[in-house]
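[1] Fold the stuff below for me.
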Amino acid sequence: QVQLVESGGGLVQAGGSLRLSCAASGRTFSSNNIMGWFRQAPGKEREFVARIRWIFGSTYYSDSVKGRFSISKGNAKNTVYLQMNSLKPEDTAVYYCAAGMYASGYDSWGQGTQVTVSS
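    Numbers count the residues shown, from 1 in each chain. Okay, the predicted model is just below:
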């Protein structure tokens with residue numbers, strides 16, 4: 001498994017922006033690896049937000065964030081970002097970074113970072 005540490009959450013007004021970071025260690029990333037972001041709001045199940053395939057850089061987003069959020073790799077080794085723009089109160093959740101394999105899914109999870117969007 002890989003160790004994942006998220007940062008960058010906080011409180012922001014609706015319409016604002018935040019950037020989440022996730023630093024991964026313990027694995028050498030290859031073309032078969034993926035990293036993603038999920039979120040869980042109070043009383044709801046965890047849901048997929050975005051993912052990036054490590055070597056190719058291809059991305060995929062949920063319909064609820066498409067056009068507002070952007071996932072990217074950082075310049076630092078094994079770092080991934082989630083740039084969140086035009087935030088809405090319904091984006092309020094704990095955001096989790098995840099890592100895994102393209103064929104088999106996610107096998108490592110971070111501890112989560114809280115994002116709160118006020119109206």
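
[2] What are the contacting residues of the helix or strand harbouring Ala98?
    Ala98 belongs to strand 93-101 when elements are defined using DSSP states H and E. Strand 93-101 is touched from outside by 2, 4-6, 9, 20, 22, 24, 27, 32-41, 44, 46, 49, 80, 82, 106-115, with contacts defined as CB atoms under 8 Å, 6 or more residues apart in numbering. Where you see a C-beta, it was placed from the backbone N, CA and C, and this is true even at glycine.

[3] rerun at 6 Å
    2, 4, 6, 20, 22, 24, 32, 34-41, 106-110, 112-115 (CB atoms under 6 Å, 6 or more residues apart in numbering).

[4] So among those, which ones count as buried?
    Neighbour-count burial within the contacts of strand 93-101 applies to 2, 4, 6, 20, 22, 24, 34-39, 106, 108-110, 112-113, 115; the criterion is 16 or more other CB atoms under 10 Å.

[5] Show only the entries of the residues you listed found in helices.
    By the criterion of DSSP state H, membership of the buried ones among the contacts of strand 93-101 in helices covers no residue at all.

[6] So which of the residues you listed are in strands?
    Counting by DSSP state E, the part of the buried ones among the contacts of strand 93-101 found in strands is 4, 6, 20, 22, 24, 34-39, 106, 108-109, 113, 115.

[7] show me what contacts Asn32?
    Applying CB under 6 Å, 6+ apart as the definition, the contact partners of Asn32 turn out to be 101-102.

[8] now swap in Val2 and tell me
    So, once contact is read as CB under 6 Å, 6+ apart, Val2 ends up touching 24, 26-27, 99, 108.

[9] Could you dump these into CSV with distance to Lys66 and pLDDT added?
    Rendered in CSV, the data for the contacts of Val2 read as follows (distance: CB to CB, whole Å; pLDDT from 0 to 100):
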residue, distance to Lys66, pLDDT
Ala24, 24, 91
Gly26, 31, 86
Arg27, 28, 78
Ala99, 22, 94
Ser108, 25, 94
